[in-house]
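Asker: Make a model of this:
(chains A and B)
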Amino acid sequence: MTQPNADKAVFAGGESLADQILEVIVSEGKIDRARATPDATLESLEIQSIDIVMILMVIEEKFGVYVPIDGSIAEAKDLNGFMQQIESRILAERA
Amino acid sequence: MSRTRVVVTGMGAVCATGVGVPALWQAARNGASAVGLSEFARPGTNQVKLAAQIKSFVPEAHIEAKVLPFCDRFAQLAIVAADEAMAQAGLAREPRQGSRTAVILGTGIGGISTVDDLCYSAYAAKTRLNPFAVPRIMGSSATSHLSMRYGCTGPTFTITSACASSAQAIGLATSLVRSGAVDRAIVGGSESSMTALNIRSWELLRVLTPDACRPFSAGRNGMVLGEGAAIMVIEEREAARRRDAAPLAEIVGYGTSSDAFDIVRPDPEGACSAMQLAIADAGLTPDDIDYVNAHGTGTIANDIAEADALQRVFGDRLPRLAVSSTKPIHGHTLGAGGAIELAISIMALRDDIAPPTINWLGPDPKCALAPVANEARATPIRVAMSNSFAFGGVNACLLVARPDLTPGGSRCERAG
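Answerer: Numbering: from 1, shown residues only, chains lettered A, B, ... in the order given. You can find the predicted model right below:
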């Protein structure tokens, strides 16, 4: 299974996969873009379970990948971890 | 003054494991999963392909042609399970059961297969609509079919509390028998929600697993849906004795509570309360319970909350207590789950075998229990607990004991 590189700068510029994921999170989670830093906790961003449901639905529509709300995604504490888990599922699907 | 005692004298089931309680118990005991790739007459946009569907069921082989047009699949399953339960109880369609027999079933959704067909006919295919849609769809239809089938003119109603429906139905029926309102009741639950759209709707909540249901296990990532029914005949013990019926188990405790917290997130306090109420109702202590059939869906939210609640009830004994979830075998059958899992608990009690939690990969530090992992365990079982915890925060817990024990099961006194 393809795993994302932990050192990969998911917040790098350009239309990277990470950028597209972040765009979905910011839009569906109704987050102030300026506050969406890698180490921001989901709690501090006020991302609740219902927001995650909406984010994952748009991820499915955009990338055609089903991401359960349980499992590793539930372990994510900060925005970077959350994005890494989504990216991991997308890359695994493409592999 | 001693309390009226309620025994189970017959059981029936139809699940993905096949028709009959023996098939269900054999699969549960052997850890033989009936989960497979789902098949739909009208496929949807589903991403998750797994479900515990009943694939070999031929309703015409069990139910009269004149009855079938009025039966949604969930009612069909209930009728077949009820016929098995009544036969085991030594009861028949004639003579009619009369006003001292109640019928109380649970279902979460009712006739959703008919709704699905109707919507397709009306909006997409624009074909002739089923004229019997209303009696097929109504959630009380399975209950009414059973009342008509066996001539039960006592209290007849349906409970819908999502995944706690049939456990509440059995618990409330037990209370009715205890109260003296009726001598016996046909109880249980039925659910057939295997439409592509329904499974897609669960998918949208992201709680379905794309690979395997692993309750309380490391690496779990969701649940798998199933369909099925389990029906029981419960009776006042002396009434059963008078007609020489052989009890399979005694229902000794029932507890129910509400989280009043969140529509989808469970609160361990509510689950803990339901278990404690059931234990108190039975006049037992947690130490009297030898086996727990957990709700155990395999979702993060359920399993962590249930493990927490079990810890509060059983304390330091929890890691040594035989706990299992049989949902990876027969699927999460929603409103029927409480009845199906109680049937398994009664068989576990009868055979002194705790069925396994299959697909278990290792402990999850967040769940402080050691489930009966992957293979069944032979263990003496005096009292078994069956948990049902529902979306909406509805909790129900049932306790069953060996029929030859007094309610103070720990003392193992022979009943008179």
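Asker: B:A102: helix or strand, and which one exactly?
Answerer: strand B:101-106 (DSSP states H and E).
Asker: Next SSE downstream of that strand?
Answerer: helix B:112-119.
Asker: average pLDDT for that following helix?
Answerer: Averaging pLDDT along helix B:112-119 yields 97.
Asker: Flag every buried residue along it.
Answerer: B:112-118 (16 or more other Cβ atoms under 10 Å in any protein chain shown). C-betas here are computed from N, CA, C, even on glycine.
Asker: Read off the pLDDT value for A:A95.
Answerer: 83.
Asker: how far away is it from A:E87?
Answerer: 12 Å (Cβ to Cβ, to the nearest Å).
Asker: Likewise for B:P59?
Answerer: 47 Å.
Asker: Can you pick out the residue with more neighbours from the two?
Answerer: A:E87 (23 against 16; other Cβ atoms under 10 Å in any protein chain shown).
Asker: how near is the closest residue to chain A within the stretch 1-150 of chain B to A:M57?
Answerer: The minimum distance from the stretch 1-150 of chain B to chain A, using Cβ to the nearest Cβ, falls at B:Q47 (3.6 Å). Using Cβ to Cβ, B:Q47 is found at 11 Å from A:M57.
Asker: since we're on residue 16, how many residues are nearby?
Answerer: Because you didn't say which chain, this covers chain A. Counted with other Cβ under 10 Å, A:S16 comes out at 15.
Asker: that's the other chain; I wanted chain B
Answerer: There are 26 residues near B:A16, going by other Cβ under 10 Å.
Asker: same thing with the one 5 residues further on?
Answerer: Other residues within reach of B:V21 by the criterion other Cβ under 10 Å amount to 27.
Asker: Dihedrals phi and psi, it?
Answerer: phi -60, psi -40 (degrees, to the nearest 10).
Asker: what residues are up against it?
Answerer: B:11-13, B:84, B:230, B:343, B:347 (Cβ atoms under 8 Å, 6 or more residues apart in numbering or on different chains).
Asker: 7 Å - rerun?
Answerer: If you count contacts by Cβ atoms under 7 Å, 6 or more residues apart in numbering or on different chains, B:V21 has them with B:11-13, B:84, B:343, B:347.
Asker: In a markdown table, list these along with neighbour count and pLDDT.
Answerer: Output for the contacts of B:V21, formatted as a markdown table (neighbours: other Cβ atoms under 10 Å in any protein chain shown; pLDDT from 0 to 100):
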| residue | neighbour count | pLDDT |
| --- | --- | --- |
| B:M11 | 26 | 98 |
| B:G12 | 30 | 99 |
| B:A13 | 30 | 98 |
| B:E84 | 21 | 98 |
| B:A343 | 30 | 99 |
| B:M347 | 22 | 98 |
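Asker: Pick the one among those residues closest to B:L176.
Answerer: Proximity of the contacts of B:V21 to B:L176 (Cβ to Cβ) peaks at B:M11, which lies at 18.9 Å.
Asker: tell me which residues in the helix or strand harbouring A:I59 are buried?
Answerer: Following DSSP H and E, one finds A:I59 within helix A:49-63. Neighbour counts over helix A:49-63 (16+ other Cβ under 10 Å) mark A:51-53, A:55-57, A:59-60, A:63 as buried.
Asker: do stretch B:187-207 as well
Answerer: In stretch B:187-207, counting by 16+ other Cβ under 10 Å, buried: B:187-199, B:202-203, B:205-207.
Asker: Keep only those of the residues you listed that are in helices.
Answerer: B:196-199, B:202-203 (DSSP state H).
Asker: What is the most widely separated pair among these?
Answerer: Largest pairwise distance in these, by Cβ to Cβ, is 11.2 Å, between B:A196 and B:W202.
Asker: Just the closest residue of chain A to chain B, please.
Answerer: Counting by Cβ to the nearest Cβ, chain A gets nearest chain B through A:G71, at 3.0 Å.
Asker: That residue and A:T41: what is the separation?
Answerer: On the measure of Cβ to Cβ, A:G71 and A:T41 end up 19 Å apart.
Asker: Just want to know which of these two has more residues nearby.
Answerer: A:G71 (22 against 14).
Asker: what does chain A have sitting close to chain B?
Answerer: Applying Cβ under 7 Å from any Cβ of the partner chain, we find that chain A lies next to chain B at A:49, A:53, A:56-57, A:60, A:66-71, A:74.
Asker: any residues touching stretch B:276-291, and which ones?
Answerer: Contacts to stretch B:276-291, defined as Cβ under 7 Å, 6+ apart, come from residues B:252-255, B:257, B:313-314, B:322, B:345, B:348, B:354, B:379-385, B:397-399, B:407-410.
Asker: hmm, back to that, of the contacts of B:V21, which pair is most distant in space?
Answerer: Taking Cβ to Cβ, no two of the contacts of B:V21 sit farther apart than B:E84 and B:M347, at 13.6 Å.
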